[in-house]
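Asks: Sequence and predicted structure, then a few things I'm wondering about:
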Amino acid sequence: MTRLTHFIANQDVVPASGAWLPVYEPATGTRYAEAPDGDARDVAMAVDAARAAFPAWSTTPAATRSRILLDIADRLERRVAEFAQAESRDQGKPVALARDLEIPRAAANFRYFATKILHESTECFRTDSLTSGDRALNYVLRQPRGVVGAISPWNLPLYLFTWKIAPALATGNTVVAKPSEITPYTAWMFGELCREAKLPAGVLNIVHGLGPKVGQAIVAHPAVTTITFTGGTSTGAAIAAAAAPHFKKLSLELGGKNATIVCEDVDLESALSTIVRSAFQNQGEICLCGSRILVHRARLKEFCDRFIDESRTLKVGDPTAPDTDVGAIVSRQHLEKIQSYVALAKLEGGKVACGGGVPRLLPERCRNGWFHEPTVIVGLAPNCRTATEEIFGPVVSIHGYDTHGEAVAIANGTRYGLAASIWTRDIDRAHRMAAKIDSGVVWINTWMLRDLRTPFGGMKDSGVGREGGDDAMRFFTETKNVCVGFRES
Ligand code: NAD
């Protein structure tokens, strides 16, 4: 059984506690590795390493930082098959999804920020005093903030881990990062890759363990100036409360309950497969999945029939099989949460139109794994708990609406505001609806077409702040105004 280690100052470090956490393969329900059960002592060691590395890394020329980060991206791309297999075994997602999308995107995170820092500019303002002949040039410096704490979830493990680490490192910060204890494996492999790429010791440190121990210690450490967190809304609230008295800079990317709005003029022929994918990709365990489908009543029956037919064709099974569409649920506990929501949906008057349980024809290897069928629920009120709380699994509800105003009101009728998609041929209408939807991203006739230059984040209880593109560059730097006076005569 593989024993993972912390990665601190480029060394493999065993936990101070001497204790280990089990790591499971969701497809088989078996324990296959152990991760450090870290605590505040390991975090303190990692923060010390990050502090020691900061002066040199923050003054390393951008071109040198860029070269090292690009080397990391190259190495990851060369080992994409190996990382994809590991990600799939650890998380339950189909290998093909990890290989074709997520691991390449993790490399793209590094490639994008490694090259972005080569082309940065800053503002400069000429200022004339109203009362004297003084003149000035005001220019803006954006400097790295020091030690960044990066805490990430289990659903897209390496992709979201690198989404935080890449811009933090590119802008000259050093990092103490914590992957989810549920999916620590590829983060562990990633440390090795950084060492091979000769990332200087202490620039990136990876500490494994439980949120309330390791995560909390990162947030509480006085030398960690900046926290970037992706995870659940209640965890985000705890982190915000712990960080506030120390005035730490915070970026919180939290939960969602995203609406998919299908208008009466939708081109269902071309849209259907993407709408189905937006519901069930990665077992519905993507914060951007559309889990509430709002359909104009003129097309409701047709949409339900076709959506359900298409959902039934999805193959649920062994994540290693090349034709698997829906893999395993990440943990037994999470599977039970999903099952409890299907039971709740029935209590709330919903009808399970498709799926609803554990798939029957699983291969022998997966008999003890954690699986759930793609599930479609109809007949629910749009404001009930099933339709407004985050399930984060392969469960969607379909609701009818009569007017576009009503669709927007339903879309906005949850505590969340992460993402939405609108499906229509009427682009003017789509623009009007997009402007009225309270979410950080709105897709029109597409889904999950991500561009690393765009701002990413949520409104309401889906988060605070934006990352991606220029927003990430600003988040991970401190802005300073330097005013240089001069006289023209
Ligand atoms: P989680 O909040 O349980 O855990 C996320 C991370 O926080 C883990 O590494 C965990 O160990 C750590 N953590 C837990 N308690 C902590 C504490 N008190 N202090 C510091 N760290 C702590 O979330 P999860 O179950 O791993 O992930 C699923 C959630 O993440 C869903 O709600 C999903 O919507 C959200 N998510 C959001 C986005 C986004 O971009 N907005 C992306 C992916 C996932």
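Replies: That came in fine, so what should we check first? As the structure is a computational prediction, the values presented were derived from the model and not from experiment. Numbering: from 1, shown residues only.
Asks: Just the CA atoms from stretch 307-325 would do, formatted as PDB, please.
Replies: What follows is stretch 307-325, C-alpha atoms only, in PDB (Å, rounded to 0.1, in the frame of the first residue of the first chain):
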ATOM      1  CA  PHE A 307     -33.700  14.300 -21.900                       C
ATOM      2  CA  ILE A 308     -34.700  11.100 -20.000                       C
ATOM      3  CA  ASP A 309     -34.100   8.900 -23.100                       C
ATOM      4  CA  GLU A 310     -30.700  10.400 -23.500                       C
ATOM      5  CA  SER A 311     -29.900  10.100 -19.800                       C
ATOM      6  CA  ARG A 312     -30.800   6.400 -20.000                       C
ATOM      7  CA  THR A 313     -28.200   5.800 -22.600                       C
ATOM      8  CA  LEU A 314     -25.300   6.900 -20.300                       C
ATOM      9  CA  LYS A 315     -23.200   4.100 -19.300                       C
ATOM     10  CA  VAL A 316     -22.500   3.900 -15.500                       C
ATOM     11  CA  GLY A 317     -19.700   1.700 -14.500                       C
ATOM     12  CA  ASP A 318     -16.000   1.100 -14.100                       C
ATOM     13  CA  PRO A 319     -14.100   4.400 -14.500                       C
ATOM     14  CA  THR A 320     -11.300   2.500 -16.200                       C
ATOM     15  CA  ALA A 321     -13.500   1.300 -19.100                       C
ATOM     16  CA  PRO A 322     -13.200   3.500 -22.200                       C
ATOM     17  CA  ASP A 323     -16.900   3.700 -22.800                       C
ATOM     18  CA  THR A 324     -17.900   4.700 -19.300                       C
ATOM     19  CA  ASP A 325     -19.800   8.000 -19.100                       C
END
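Asks: in it, what's buried?
Replies: 307-308, 310-311, 314, 316-321, 324-325 (16 or more other CB atoms under 10 Å). C-beta: built from backbone N, CA, C; applies to glycine.
Asks: same check, this time on stretch 211-221
Replies: 211, 213-221.
Asks: out of the residues you listed, what pair is the most spread apart?
Replies: Within the buried residues of stretch 211-221, Gly211 and His221 form the most distant pair, 14.8 Å apart (CB to CB).
Asks: Can you pull the residues of the stretch 201-350 of the chain lying near the ligand?
Replies: 210-212, 215-216, 219, 230-232, 235, 238-239, 253-256, 287 (CB under 6 Å from any ligand atom).
Asks: sorry, back to before: which one of the buried residues of stretch 211-221 is nearest to Ala197?
Replies: Ile218 (23.8 Å).
Asks: Provide a ChimeraX selection command restricted to the buried entries of the residues of the stretch 201-350 of the chain next to the ligand.
Replies: A single ChimeraX command is used to select the members of those judged buried by 16+ other CB under 10 Å:
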select :210,211,215,216,219,230,231,232,235,238,239,253,254,255,256,287
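Asks: From the residues of the stretch 201-350 of the chain next to the ligand, which land in strands?
Replies: Residues of those located in strands (DSSP state E): 230, 253.
Asks: Now intersect the residues of the stretch 201-350 of the chain next to the ligand with the helices, please.
Replies: The helices, defined by DSSP state H, take in 216, 219, 235, 238-239 from those.
Asks: okay but Lys351 is in contact with Val376, surely?
Replies: No. Lys351 lies out of contact with Val376 (CB atoms under 8 Å); the separation is 9.4 Å.
Asks: between those two, who's got more neighbours?
Replies: Val376 (26 against 12; other CB atoms under 10 Å).
Asks: In this structure the more buried one contacts Val352, no?
Replies: Yes. Between Val376 and Val352 a contact is recorded at 7.4 Å, counting by CB under 8 Å.
Asks: Quick check: residues of the stretch 351-489 of the chain near the ligand?
Replies: Residues of the stretch 351-489 of the chain found near the ligand (CB under 6 Å from any ligand atom) are 390, 392, 418, 458, 462-463.
Asks: which other helices and strands contact the helix of greatest length in the chain?
Replies: Longest helix in the chain by number of residues (criterion: DSSP H): helix 40-58. With contacts taken as 3 or more CB pairs under 8 Å, 6 or more residues apart in numbering; DSSP states H and E, helix 40-58 sits against strand 6-8, strand 134-144, strand 147-151, strand 174-178, strand 204-206, helix 216-220.
Asks: which parts of the longest one are buried?
Replies: Right, the one you point to is strand 134-144. Buried, per 16+ other CB under 10 Å, within strand 134-144: 142, 144.
Asks: helices or strands up against that strand?
Replies: Counting by 3+ CB pairs under 8 Å, 6+ apart, strand 134-144 packs on helix 40-58, strand 124-128, strand 477-487.
Asks: cool, the fourth one as well?
Replies: Contacts defined by 3+ CB pairs under 8 Å, 6+ apart place strand 174-178 against helix 40-58, strand 147-151, helix 157-170, strand 204-206.
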